[in-house]
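>>> Predicted model, plus sequence, below.
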Amino acid sequence: MAENNQCPETTESDIHKKIRAVFEAFDYESNNTVDVREISTIIYSLGCFPAQADLHDFIAEVEEDNTGYIHLERFLPVMTKVLLEQKFPPIPEDHLLQAFEALDKEKKGYLEPEELSKYMTQEGEPFTQEEMDEMLTALTDRDSNLIYYKDLISQLTIDPDM
């Protein structure tokens, strides 16, 4: 596997384990199947950040005959190839910090959930309200109800060496 840029210790077997673990977290019926609506979250959880068009192409490749479900045996080889080729690379930490700082016009070190929601649903490739609700639940500090982005950056970025 000399052509991939990952650590030499990262084997296809390690990648399969990681993919299976994330996939299984969304396989609520334990039947090696997930709802197609969960795929973007699964892909993001694996440190890949495709554009919407790439995500649609990916889903078209792995979805089971437009049933709305994706089976692990179809997902695993396609996702393995994506990870080995580093097809949808993560955003570097410094770029992510700059993006949050650009949104934090008053330099407070945090964003309010409503602020982030406005940006994420109205700019660029907009998120749906359902996606925003899930994201805000995960990102918002429960005590202060604020999003302290400097604390989140390491969670939002993935070690490229897995």
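Yep, that arrived.
>>> What helix or strand is residue 57 located in?
Taking DSSP states H and E as the criterion, residue 57 maps to helix 52-62.
>>> which residues touch that helix?
With contact meaning CB atoms under 8 Å, 6 or more residues apart in numbering, helix 52-62 is reached by 36, 39-40, 43, 50, 70, 74-75, 78, 82, 88, 125. From N, CA and C alone the C-beta is placed, and that goes for glycine too.
>>> JSON lines please, covering these and showing distance to residue 151, pLDDT and secondary structure.
As requested, the contacts of helix 52-62 are exported to JSON lines (distance: CB to CB, whole Å; pLDDT from 0 to 100; DSSP: H, G, I helix; E, B strand; the rest coil):
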{"residue": "36", "distance to residue 151": "32", "pLDDT": "94", "secondary structure": "helix"}
{"residue": "39", "distance to residue 151": "28", "pLDDT": "93", "secondary structure": "helix"}
{"residue": "40", "distance to residue 151": "24", "pLDDT": "90", "secondary structure": "helix"}
{"residue": "43", "distance to residue 151": "24", "pLDDT": "92", "secondary structure": "helix"}
{"residue": "50", "distance to residue 151": "26", "pLDDT": "90", "secondary structure": "coil"}
{"residue": "70", "distance to residue 151": "33", "pLDDT": "96", "secondary structure": "strand"}
{"residue": "74", "distance to residue 151": "37", "pLDDT": "96", "secondary structure": "helix"}
{"residue": "75", "distance to residue 151": "32", "pLDDT": "97", "secondary structure": "helix"}
{"residue": "78", "distance to residue 151": "33", "pLDDT": "96", "secondary structure": "helix"}
{"residue": "82", "distance to residue 151": "29", "pLDDT": "94", "secondary structure": "helix"}
{"residue": "88", "distance to residue 151": "25", "pLDDT": "89", "secondary structure": "coil"}
{"residue": "125", "distance to residue 151": "25", "pLDDT": "73", "secondary structure": "coil"}
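>>> Going through these, which ones are buried?
By neighbour count, with 16 or more other CB atoms under 10 Å, these hold 36, 39-40, 43, 50, 70, 74-75, 82, 88 as buried.
>>> Return the member of the residues you listed nearest to residue 146.
residue 40 (25.4 Å; CB to CB).
>>> so what's that closest one closest to, chain neighbours aside?
residue 55 (5.8 Å; CB to CB, 6 or more residues apart in numbering).
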